[in-house]
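Novice: structure of the sequence below:
(4 chains, ligands or ions: 2)
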Amino acid sequence: MTNKHLYSHPYIPNSHPNIKRQMLDEIGIDSIDELFKVIPEELHFNETLNLPKALDEFRLKRHVEAILEKNESADDMINFLGAGCWQHFVPAVCDEVNQRAEFLNDYAGKTYEDFGRWQSLFEYQSLVGELVDMDIVNNPMYDWAQAAATSIRMAGRITGRTEFIIPKAIHPEKLVIIKNYCAPHMTLIQVDYEKDSGQINLAELKSKLSKNTAAIYFENPSFLGFIEEQGQEISDLAHEHGALSVVGVDPSSLGVLAPPAHYGADIVCGELQPLGMHMNYGGGQAGFIATRDEKKYVEQYPSRMFGIAPTIEGEYGFGDVMMSRTSMRDRINGNEFIGTMTALWGITAGVYLSLLGPEGMTELGETIFQKSKYAMKQLSTIPGVKAPLFKSAHFKEFIVDFNDTGKTVEEINKYLQENGIFGGLDLSKIFPELGECALYCVTEVHSKEAIDHLVHTINEYV
Amino acid sequence: MTNKHLYSHPYIPNSHPNIKRQMLDEIGIDSIDELFKVIPEELHFNETLNLPKALDEFRLKRHVEAILEKNESADDMINFLGAGCWQHFVPAVCDEVNQRAEFLNDYAGKTYEDFGRWQSLFEYQSLVGELVDMDIVNNPMYDWAQAAATSIRMAGRITGRTEFIIPKAIHPEKLVIIKNYCAPHMTLIQVDYEKDSGQINLAELKSKLSKNTAAIYFENPSFLGFIEEQGQEISDLAHEHGALSVVGVDPSSLGVLAPPAHYGADIVCGELQPLGMHMNYGGGQAGFIATRDEKKYVEQYPSRMFGIAPTIEGEYGFGDVMMSRTSMRDRINGNEFIGTMTALWGITAGVYLSLLGPEGMTELGETIFQKSKYAMKQLSTIPGVKAPLFKSAHFKEFIVDFNDTGKTVEEINKYLQENGIFGGLDLSKIFPELGECALYCVTEVHSKEAIDHLVHTINEYV
Amino acid sequence: MSSKQPRNFHAAKWDEPLIFELHKEGERGVLLPTTEEEIISHIGEEIDLPEQMKRKEKPKLPEISQVRVLRHYLRLSQQTLGADLNIDIGQGTCTMKYAPKVNEQLIRTSKVSSMHPLQSEHTAQGMLEIIYRFDQMMQTLSGMDYFSFQPGGGSQALYAMASIVKAVHEKNGEGKQRNEIITTKFSHPSAAASAVLKGFKVIILEHDEDGLPTIEELKSVVSERTAGFITSNPEDTGIYNYKIKEFTDIVREAGGICYYDQANANGTLSITRAREAGFDMCFFNLHKTFGAPHNSGGPASGALGVIEELKDFLPAPIVDYDGEKYFFNHDLKHSIGKIRSFHGVPQTIVRAYAWVRSLGDEGIRQVAETAVLNNNYVYHKVLQIKGAEAPYIEGSRLEQVRYNWEKMAKETGVTTDDIQRRMTDFGFHYWTSHHPYTVPEPVTVEPTEAYSKEDLDEYISALEQISKEAYEQPDKVKRAPHRSVIYQIADESYFDDPDKWAPTWRAFKKKHKKEVYKY
Amino acid sequence: MSSKQPRNFHAAKWDEPLIFELHKEGERGVLLPTTEEEIISHIGEEIDLPEQMKRKEKPKLPEISQVRVLRHYLRLSQQTLGADLNIDIGQGTCTMKYAPKVNEQLIRTSKVSSMHPLQSEHTAQGMLEIIYRFDQMMQTLSGMDYFSFQPGGGSQALYAMASIVKAVHEKNGEGKQRNEIITTKFSHPSAAASAVLKGFKVIILEHDEDGLPTIEELKSVVSERTAGFITSNPEDTGIYNYKIKEFTDIVREAGGICYYDQANANGTLSITRAREAGFDMCFFNLHKTFGAPHNSGGPASGALGVIEELKDFLPAPIVDYDGEKYFFNHDLKHSIGKIRSFHGVPQTIVRAYAWVRSLGDEGIRQVAETAVLNNNYVYHKVLQIKGAEAPYIEGSRLEQVRYNWEKMAKETGVTTDDIQRRMTDFGFHYWTSHHPYTVPEPVTVEPTEAYSKEDLDEYISALEQISKEAYEQPDKVKRAPHRSVIYQIADESYFDDPDKWAPTWRAFKKKHKKEVYKY
Ligand SMILES: Cc1ncc(COP(=O)(O)O)c(C=O)c1O
Ligand SMILES: Cc1ncc(COP(=O)(O)O)c(C=O)c1O
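Specialist: Ligands and ions are numbered 1, 2, ... in the order given. As a prediction, this is how the structure comes out:
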C-alpha cells in the first residue's frame, strides 16, 4: 500500500484538518464556514474554479521551463534592440545582492527592523545624486516615463502653470504615458526637431514658450540616439519664460556626458534599468528624479525619500523626508500617489554604481560611445545604408537609414532574425516621416565580432 | 582620450601602487621584492607564465558559458544513468540554503562565530541518525566509497583483524577505492553472487569467514539494483565469526527499505548525493557513517562529529566530540586522516530531510520502487529484452539484459543518445560475465512518458 | 496567556559605515568589457562629443573593491528583516506570505531575464503563453473577462482604473459631468489619490459604528455627477461589507462604474468574486495575494481585470491567442493607452502563474480558509491582551484586523509607535495604519496562510509581553529598541526641517558637521 | 596603535530551536513527483519488497512546512560568519579569499549541475575542455607535467601522493624496504596521517631556532629506507625554507620522492615553483589558493601534479586532447587506481579556471605580491601589540605568520583560547594552530590578497583592544563571548565523556533530561 497520509500543503502549514480543528476549538466555533457567514449567501462562489491541477515542485519546474524554452532570448541572439530597455553587463554582485532572501522579501518596515533596506536606499539616492550632480533624489519610481511625467507635474505645481513642451524626437509610447499621467491638468505642446540633425527647432520652441509654460522636457541622449547639444540654450529659454528645464537622461551616458544640471536643468529624471538590471522583458525598468535641495522642489515630490539622522547613540538612522507631501499622509492634497514602486532596483542600482565607481562609469560611457561609433561607421560602408541618419553626435543608439536599399526594415529584420540577430527597432510605423529606418542600440556588451557580424549579415541581404 | 586611470584589480584591493607604497613605508622597506629575498635567486621563477589574457567579468562569463554550452546535460536528455550518482528532484530550498553566502564561504570557525554551521551539521547528523535508526553519525566524508573503506578500517581496528569480505556485485571502481584505502593493512576477499538472483552466495561466504575476518561489507540496494534479502543471515554469520556487519545504503531507499540496523548491521554507511545534491558531474557526492552509541565505535571514527552541550545561559552550544581520536589531534596515532570533506552537502542533506520528513521519504521510496518496477515491466515487453536480469526485488536500478537482441549495449546506447536518451551504464566491460547488459536507473524524476519513450525507442531499434 | 515566549533575539549589528566612507582611491569594484584595440585603431581614441556636452569631472562615486562592496551589502541585507526571516504577520494590508523559492529559480534564467520587451512575438512565445494562461486563471478567480498586466503595482492599477472611468464617461459624452469618485474612509490612500490625479473630485464615505460605510450616505452622495465607486472589501479593518452588492447596484444604476481593490484578496479567493459583487473592474496585487516577492517595495504587479464591456478601454496591448500562436492584441478601440513602459513586470507574472499552478482549486481555497482562520485565531487571542481592542463590529473579520491600543495609551502613556519599536526587539514587524489614524493608536495584523499556529502564538506572546511591560515598566517600551541594529533616532526633525534634511550624502555633508556622527 | 577601532558588533541572534523541535504533525516541507495513476493501475499499489526488508516504522524525521524549514536555515546562515561577511584573515592556513560571485553564476547552470559523471565523453566536451585547459594552467604554475583533479581536497591529495610513493617503490621492487616518509613539525597533520594510513613509518623533523627543519637532521634520517619527503613551504609559520632545494636534493639522491604541499600557495604563486625546488609532485587546494569557495568545509579540490616520470602512477583517468576532441585517458600503466568516485569535484575546477582567467599573468603575480605584502604589514603591526610575539627567525615570512601570546598568558592569565572567543565579539575569526601546540598560545593569521589596508587595520585594532583588556580587565576576555549567538559553553566534558556526548538529537534525548536546556 502506498502512503496515504494526510498532510498540509507545504506553503500552508495550518491547512491540516487537525490543526484547523484545534484552532477552531480555541476560537470556539464549529467550522471555518462560520467565519465566512458574513458574506451573503448569494455572493458565495459555489462553482468550481477549474484551475489546472496542482503540480508538485518538480513537475512545476519542468512545466514552466518547457514553456519558457520557447523564448529566444537576447543571450541566444545578438541583440541590437534598445529603445528604452537596453542590454548591458550586469555584475554578478548585483544579482547576488538583489537575490538575497532578506531584500527579496522585505517590504515596508521601519528603520529599526529593516535598517539595511533604508541604508541601501539612502545610499542609492546619494550615489545617483553624485552621478547627476544634484542634492535631492527620490526613492525609485515605476519607470522613466512616470519619472518624466511626475517631473512635469512637479514643474506645474512649482510654477503654477499648465503647459509643457516636448520635442517630437521622443518614444511615442513614453509620450502617451506622460500625456495620460499629466491629463487633465496639464497640456502637451510638441516642437519639431531639425530634419538633418534631430536637434530641437529652437525657433519653434521659442514660439511655443509662453507664460503658461510650466516646463520644457527633453532627453539626452534623445530617444533617437543623438545628443541634444543645445541643452544650455533650451534651459535658458525656459528660464527666460519662467518655466523649468526638465531633462531626462540615460545614466549609462553620464560618465562622458555632462549631467543636465550643468546645462541648466532644474529637474532631472531618467531610467535606472541600465544600472544593473536585467531586461526581464521590460520588468527591469525603474525611474528616478533629482533636483536641487530647495524646499519648493522637495515639497512637490510625490515619492518617498529617505533621509539620515543620528540616533541617541550617534549611529546613523533613517526616516522619510517630509512624508506630509505624499498621498500616504494626505490622500486628497498629497502629491499624485505612491505605492509599491521599484525599491529593489534602487538597491541594485546602488550596488552597480558602487562597483563601477567614477572610473567604471567613465569607461562605460567611453566604451558605449566608441562601440556605437564603430558600428555606425561600419554600417555606413554598406551600399545604400546610412548611419547615423542625423548629423549629430550620438550615444548608444542611432538611426540606421535603409531607405536606399529598397528593402523594408521588416524584411531586413526578418532576415537578421533568421541569422541569429535581433535588428534595431523598426521606426517606419512610429516615425513614418523617416521612411525605412531602424533604431539600433550598441552597448559595452557588443563585441567587435558581433558588430562585424551584423554588418556582414545586412550586407549579404541588401 | 579614453580613461587611463590606474586602479587595482577588483579582487585585490591593495594591488594599487599607491597603497602598496604606503604599506611598504609603514613596514619600512623599499620594495616588495625585498619580501621575496628569502627565496634564493635560483628558485625565482623568472619566465613569463603565459597564462591566457585576463578577462573582464562579462567576457569571462561569455567565454565559460560558450565552452559549457558544448555539454549535453541530463536536463537536455532523458537520463537513465545511475551507478552511484543519481538524478533526483532537488528542492529549491536546498539550493537556496547552500548558495547562501554565509554557508558557501564559511570554513573552520568555532561554535561562537560559525554557530549556524555547527547547528546545521549537528542537525544533519541527527536527521541521518533517524533515517538509519542509529545514534551516532559523523560529519560527511568525501563519498560513499571512502565511507565504506573507513567503515571497514574501523571494523579492523575494533576487531583487531585484517580481512574484509565484499560480494562481487559491487561497483568495480568503488571496490578499487576501498582496496586502495584499506591497503596495506587490510586484505580484500570476495564472494560471488548467485547467478539467478544476485544474492550473496551464503555457502561461499561461510567458507571465507574466519577468525581473521574483520567485516563483511555489502550494499542494499546492491550496485546492480537488487535487494540483498539475506541481510539478517549475513549479519548473523558475521557475528558468529566475531566479525562486524557493515552495510552500505542508498538513503533514498530508506523510506521503504528496512534500515540495516534492523537486520544486524553494526556499521552503516552510504552516499548522501540523493538527498538534495545535484549530480555536478560527480561533484555532488558525499559519504556518511553511522553506528550505535558505544565508545568502542565512536573512538574509531576518523571524522569530526559535532556534539551538543549547554552554555552558561542554557542555550545550545556545539563542539567536536572526542577530537582526540582524529589526525587533527594526533597525526601519527589518530584514525586515518581528515581535512576538508563535504560539509556543505551535509548541511544540504539536512535541509532535504527536513523538507521531506517521514512522509516524503516514504513517498520517495514508494515512487522510485513503483516507477522502476513499471520500467522493468515495460522493457520486458520488448522482444529479446529482459528486465530485471536477476530474480530478486529491485529498487531504483536494475539490469536490462540485451543479450537476446543481437545488439550490443554500445550500439543501443548510441541509438538512444541520438534520440535524446542517456541509456543505462554498459556493464559489458565491467561485468563481462553478463554479456550485453546495462544498468538502468529510474527515480521519481522519470515520468511515465519518459519511460514509455525509452521503451518505444529501444523497441524501434532492436 | 500564550504558551509561547517571545524569543531572545538580537538583530545582526554590523556597525557598517555608509558606502561613501568605504572609498579608497584606486580601488575598483568590477572591470568592464571595454572597447577592443582593433576598434580604437579604426575610429581613434577621441570621445568626440560636443565640448559643452562633455562631462568635465568624474562623478564623485566611491572607489571600492568588489569584496568590500559585497560585504557591505551582505551586511546590510542581514540587517534587514525580510519576510523569509521572520513571522511577518505584523505588516497588515501587505499580505506577507511565502514567496516560494522554486518560483525564483524559474525566473533566474536568461529565458526570462534576457528577454527584450520589443523582440518579435514570434521569439517570445513562452512569455506570451504564460501571460495568456495566467490571464485565464485571473478571469476564473475574479469573474472578470479580460486582464491587463501593465500596472507595476496596485497603485498604478488604481490609477489605470481611474483612467478607464474617465475614458468611459468621456466616450459617452459625460466626461465633464461625471467628475466625482466615491470611496471609503478605509480604502487605500492611492484609491483617492489616483482619482484626484485624474481630475476627479473624491467623496469619502464615513463609516458607521460597525466600521462600514452606509447605504444612506452612499445614496446621499450618488448623483449624475458620479463617475465611479472604488472600495476594497474587506477594507483595512478586515471587516467584510456584506452590503457590497447594494453599494454597487446603487452606483451602477446611477451610471457610475464600480471598481474593486483586491490588492489583498487572501480572505476572498475562491470564496466570493468581483463579478458577483457587481464590480466592473478589479485588480489583484500579485506581489501580495499571489505569492510573488515584495522586492523590498517593488517592482510589483497589479493585475487589472475588467468586464467585457470595458475591454476596449484597457491599456493596450493585451495578450491574445489565435489557436496557433500568442500575440499582442492592440485592437482596443478606446484604450487609455499605455500607463507603464512595455509589458509591466513579466517576471512577477511568471512567479504568480507558478504559484497558482502549485495550488490548484483545492490549494487556492486552502489559502483563503487558512488565512481567515489564522486571522480569527489571532483576533481571538489579541483581544485577551490587556489594553488591546478591536474597534467597530464584533467579528465579521476575514483576513486581517485593525486593532487599537487607545486604552493602553491612556492608562500607561505607551503609544502604538512605542510598541512598534519594541516589537523590533523580538524580531517582528508591526505596522500601524495609513495616516491619518482613523482608528486611534492602531495596529494592523494580517496573518496570512503562510504561518503556523506556533508562529501566531509567538507573535501574540510578544504583544502580551509588551502589554505587561507597558503597565509595569513603560519606560522600557518607550526607550525601545534595545536589541536592534540601532537605537532610537535622536531627532525626528531631521526629516522635516529643510535645514536639516539630507536625502543624499552630499546634502548631509553640506548641512551637518561630521562630528554629529560616529564615523 | 592602529587608527581603527574594532566595530560595535553583535551577531544575529535568533534563539532558534533545533530542527526537531519544529516538528508539527501533518506539516509538510515539499511535495514530490509521485507515481502517475496510470502506472499504479498498471502495476498495482503493492510495494512488494521481501517482508523482512521492509521498513516497519517511518523514520522519525520532523514534519515542518516549507516556509519554516527555510526560515530555520536562513536564520542559521545569518548566525554563521562566512568569509563574505567578515575580514577573514584570522583563519590562518585556510587562505580565506574572495570567491568571486560571477564564478558561482557560472556553475549554477544545468550544463554543470545536471551532468552525470558517466555520460559519454562526446556529450561532456565542455567539462573536459575546461579541465584540460585548467590542467595546462596548473602545469605552468607548478612546473609539473600532468595533473589529476580526482582528489576532493588537500588531504585526499596527500593521501594520493603517499599512494604514488608507495606504488613507485613497489614497482621498483623496493616496496618493503622504502617504508619511511619524512616530514616536518609544521606540516599539515594530514601529511603524516595519510602516510601512516598507507603503511609508512613517519619521521618528523624538528625545527631549529629559526623555525626551520635542518639539513643535519634530514641527513641523519635519510637512508635506503626513505620512501619520500613531504613538506609545505612556507609552512604554517609562514617562514620560507630557503634551503628547500638542498632538502629535495638530499632526498632524491637517496632514492626518495619529494612531494610538496601547496595547499596555501598564495605566497609563492608565479614567484617560485615546485619543479625548480626539486619536487616530483605537488598539489594546490583550489578551494584556498584558487579562489573557490570553502563550502563550509567542502566539497573541495586538491589539484595533484606530477612530473613526467610519475605520470603513469596518477589516479586514472586524466583528461587529454587529441587535437579534435577531449577524452579520458585511462592509459596510465601504473595508476594507483581510483581514490575518489568519478572525477573529483568538477564544479570547483570550473570555478578555479574562471578565477585564473580573471587574473592572467599580471593578476596572479599581484595575488602573491599583495598577499605577502599584506602579511608583512600585519606582522609589522601585531608585533607592536603588548603581549604578542612571533617565534623563530625575524622576518622571512611570506603569506602568513604564526604568532604567540605566551608572554601575555603568563602576565595576565588570558590565553589564546580566551582571545579566540573574545574576537567573536568583534565579528572576527581567529584560528590558533594545529594540535599539539608547538608554538605555545598560538594564533595564525593569513591576510590574503582579498583584504584592504583598512581591513587589516581593523583586525589589528581588535587584537590591540583585547591586549589592553587582558592587561586591564582580563575577566572580560575570559568570559567572552558577550555579543555572539550564544554565551560560553558551560561544560566541555559533553564532548569527551561517553555518558554525556550526543552527536545526534536522539542520543541527546536518551542521555539528558530536557530541563538541561532552554527549549
Ligand atoms: C488595499 C490596498 N490597495 C492598494 C494598495 C496599493 O498597492 P501597491 O502598494 O502595489 O501600489 C495596497 C498596498 O498596500 C493595499 O493594501
Ligand atoms: C598546508 C595544508 N596542507 C593540507 C591541507 C589539507 O587540505 P584539505 O583541508 O583540503 O584537506 C591544509 C588545509 O588547511 C593545509 O593548510
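
Novice: residue of the stretch 251-400 of chain C nearest chain B, please.
Specialist: Here the stretch 251-400 of chain C gets closest to chain B at one residue, C:A354, 10.8 Å apart by CB to the nearest CB. To be clear about C-beta, it is placed using only N, CA and C from the backbone, and glycine gets the same treatment.

Novice: any idea which helix or strand carries that residue?
Specialist: Assigned by DSSP states H and E, C:A354 falls within helix C:346-357.

Novice: re earlier: now the residue of the stretch 251-400 of chain C closest to chain B: how far from C:M137?
Specialist: 11 Å (CB to CB, to the nearest Å).

Novice: residue contacts, the residue of the stretch 251-400 of chain C closest to chain B?
Specialist: A:60, A:64, C:100, C:102-103, C:106 (CB atoms under 8 Å, 6 or more residues apart in numbering or on different chains).

Novice: for these, which one is nearest ligand 2?
Specialist: C:V102 (33.0 Å; CB to the nearest ligand atom).

Novice: hang on, the closest one in a helix?
Specialist: Yes - C:V102: assigned to a helix according to DSSP: H, G, I helix; E, B strand; the rest coil.

Novice: tally of neighbours for it?
Specialist: Per other CB atoms under 10 Å in any protein chain shown, the neighbour tally for C:V102 reads 23.

Novice: ok, it - contacts?
Specialist: C:V102 sits in contact with A:57, A:60-61, B:91-92, C:354, C:358, where contact means CB under 8 Å, 6+ apart.

Novice: for A:T2, give me the pLDDT.
Specialist: Predicted confidence (pLDDT) for A:T2: 48.

Novice: still on that earlier bit, how about the contacts of C:A354, which pair is most distant?
Specialist: Maximum pairwise distance in the contacts of C:A354, criterion CB to CB, is 11.8 Å, between A:V64 and C:P100.

Novice: show me what from chain C comes close to chain B.
Specialist: C:24-35, C:40, C:45-47, C:63, C:65-68, C:70, C:74, C:100-102, C:104-105 (CB under 8 Å from any CB of the partner chain).

Novice: just the buried ones among the residues you listed, please.
Specialist: C:24, C:26-35, C:47, C:63, C:65-68, C:70, C:74, C:100-102, C:104-105 (16 or more other CB atoms under 10 Å in any protein chain shown).

Novice: what about the residues you listed, which are in helices?
Specialist: C:66-68, C:70, C:74, C:101-102, C:104-105 (DSSP state H).

Novice: and those, which is closest to D:F313?
Specialist: After measuring these against D:F313 - CB to CB - the closest member comes out as C:V67, at 39.3 Å.

Novice: does that closest one touch D:E449 like I think?
Specialist: No - contact criterion CB atoms under 8 Å: C:V67 and D:E449 do not qualify, at 9.9 Å.

Novice: identify the contacts common to the two.
Specialist: In contact with both C:V67 and D:E449: B:Y11, using CB under 8 Å, 6+ apart.

Novice: who's in contact with A:R331?
Specialist: C:189-193, C:196, C:202.

Novice: buried subset of those residues?
Specialist: C:189-193, C:196, C:202.

Novice: the nearest residue to A:Y193 once chain neighbours are set aside and chain B: what is the separation?
Specialist: Spatial nearest neighbour of A:Y193, chain neighbours left out: A:A169 (4.6 Å); criterion: CB to CB, 6 or more residues apart in numbering or on different chains. Separation of A:A169 from chain B (CB to the nearest CB, to the nearest Å) stands at 28 Å.

Novice: hang on, A:P302 packs against A:R329?
Specialist: No - A:P302 is not in contact with A:R329 according to CB under 8 Å; the separation is 11.2 Å.

Novice: what does the stretch 301-450 of chain A put close to ligand 1?
Specialist: A:339-340 (CB under 6 Å from any ligand atom).

Novice: return the nearest residue of the stretch 301-450 of chain A with respect to ligand 2.
Specialist: For the stretch 301-450 of chain A, CB to the nearest ligand atom, closest residue to ligand 2: A:L355, 31.0 Å.

Novice: can you check what pLDDT the model gives A:H394?
Specialist: We have a pLDDT of 98 for A:H394.

Novice: quick check on it: phi, psi?
Specialist: phi -130, psi 160 (degrees, to the nearest 10).

Novice: so what's the residue count around the residue nearest to it when sequence neighbours are not counted?
Specialist: In space, and not counting its chain neighbours, A:H394 is closest to A:G225: 4.7 Å by CB to CB, 6+ apart. By the criterion of other CB under 10 Å, A:G225 has 29 neighbours.

Novice: where does the stretch 251-400 of chain C dip in pLDDT?
Specialist: Along the stretch 251-400 of chain C, no part satisfies pLDDT under 70.

Novice: which stretches of it form helices?
Specialist: Secondary structure of the stretch 251-400 of chain C (DSSP state H, counting those that start in this stretch): helices at C:346-357, C:360-382.

Novice: and among those helices, the most buried is which?
Specialist: helix C:346-357 (a mean of 26; mean count of other CB atoms under 10 Å in any protein chain shown).

Novice: is chain C contacted by the helix or strand containing A:A290?
Specialist: Assigned by DSSP H and E, A:A290 belongs to strand A:287-291. No - if you take CB under 8 Å from any CB as the test, strand A:287-291 misses chain C, and the best it gets is 8.8 Å.

Novice: now that strand: average pLDDT?
Specialist: Rounded mean pLDDT across strand A:287-291 is 98.

Novice: got it, and stretch C:195-212?
Specialist: For stretch C:195-212, the mean confidence score works out to 97.

Novice: from the middle of its chain, how far away would it be?
Specialist: 20 Å (CA atoms, centre = their mean, to the nearest Å).

Novice: in that stretch, which residues are buried?
Specialist: Buried residues in stretch C:195-212 (16+ other CB under 10 Å): C:195-198, C:200, C:202-205, C:207, C:210-212.

Novice: of those residues, just say which sits nearest to ligand 2.
Specialist: So of those, ranked by how close each gets to ligand 2 (CB to the nearest ligand atom), first place is C:L197, at 62.4 Å.

Novice: go ahead and confirm the closest one touches A:F337.
Specialist: Yes - using CB under 8 Å, C:L197 is in contact with A:F337, at 6.1 Å.
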